[in-house]
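Enquirer: Show me how the following folds:
(2 chains)
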Amino acid sequence: MSLRSPLGRVLGMGSARDGTAHWWAQRVTAVALVPLTLWFVISLLRLPGLDYDTVHTWASLPSSAFLSSLLVAVLAYHSYLGTIVIVEDYVTSTGLKIVSLLLLRFAYVLCGGACIFAILRVAFGSSSL
Amino acid sequence: MPVRARPTSPHWQIYRWEIGMSLSILHRITGGFLALGLIALSFWFVSLASGPDAYATASSVFGNPLGLLVLVGWTFAFLFHLLNGVRHLVWDSGRGFERAERRGGGWFAIIAAAALTLCVWVWIWRHLP
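Expert: This is a model prediction of the structure:
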């Protein structure tokens, strides 16, 4: 016998009211980040040096720019999903919680957007900022 | 109707320590610390797009002793979060809940993360000027 109401079972959303969407997105981005982060770290470590010319030449490669953009996008999303849970767990005041969550969202879009803009700028050979 | 206090679970200090308890909170701490790394990553990419002078400034920020210490911290946080994250993915698939697997996997994650951090920095010290 199930103790759940028929409506609750149909909606399948649980007490958090958004189902498993957050949990699932966290896992999918986690899986994607395993190859992406390892590619990024190993690529940098295998460069002959980390001086401007070497790094700029590497970052200009289409494969580097493409994978770096994907890395930043998925990383920012995964990190955002994780950080909002920390805020939800520890910030008990509703007002402060809403403000923190909003600021976090803006901060992630700002950081992620800045990264991707910079990566594309290097890749497409625009003049230095 | 009288308002009664909701039942609460016993305080965590009641339980005998197990590796998983420490790794659970360490996973969250390393995640939060890595979120700050996203700001540093943005700073690095934007400086790369801004030209040699800005990149030299970023290199000196990351290259000073405090910068290097934080980078070592991020290396360990990344490797631990990666290895422990894979453990979480295995649990999500419904496997690895036996006591020996839990404890063995936990000790493996922390020791391997520390060992790999050492390997990465020995590599950097030997290969990257």
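Enquirer: From now on I want contacts and neighbour counts done on CA atoms only, so please keep to that.
Expert: OK.
Enquirer: and chain A, which of its residues are near chain B?
Expert: A:27, A:30, A:34, A:45, A:48-50, A:52, A:56, A:76, A:79, A:82-83, A:86, A:111-112, A:114-115, A:118-119, A:121-122, A:128-129 (Cα under 8 Å from any Cα of the partner chain).
Enquirer: Can I have the buried ones of these as a ChimeraX selection?
Expert: Restricted to buried positions by 16 or more other Cα atoms under 10 Å in any protein chain shown, the ChimeraX selection for the residues of chain A next to chain B reads:
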select /A:27,30,45,52,56,76,79,82,83,111,112,114,115,118,119,121,122
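Enquirer: Look at residue B:16 and tell me its secondary structure.
Expert: At residue B:16 the chain is in coil, as set by DSSP: H, G, I helix; E, B strand; the rest coil.
Enquirer: That one: neighbouring residues, count only.
Expert: 7 (other Cα atoms under 10 Å in any protein chain shown).
Enquirer: Tell me the pLDDT of it.
Expert: With respect to pLDDT, residue B:16 has a value of 92.
Enquirer: Can you list phi and psi of it for me?
Expert: Per-residue torsions, residue B:16: phi -70, psi 140 (degrees, to the nearest 10).
Enquirer: Quick check: the residue in chain B positioned nearest to chain A vs residue B:76, distance?
Expert: Closest to chain A within chain B is residue B:50: 4.4 Å, counting by Cα to the nearest Cα. Separation of residue B:50 from residue B:76 (Cα to Cα, to the nearest Å): 29 Å.
Enquirer: any low-confidence regions in chain B?
Expert: Applying pLDDT under 70 to chain B flags the ranges B:1, B:129.
Enquirer: which ones are touching the residue sitting nearest the centre point of it?
Expert: In chain B, the residue lying closest to the centroid (Cα atoms, centre = their mean) is residue B:77, at 2.4 Å. By Cα atoms under 8 Å, 6 or more residues apart in numbering or on different chains, residue B:77 lies in contact with B:30, B:31, B:33, B:34.
Enquirer: Neighbour-wise, give me the winner out of these.
Expert: residue B:31 (23 neighbours).
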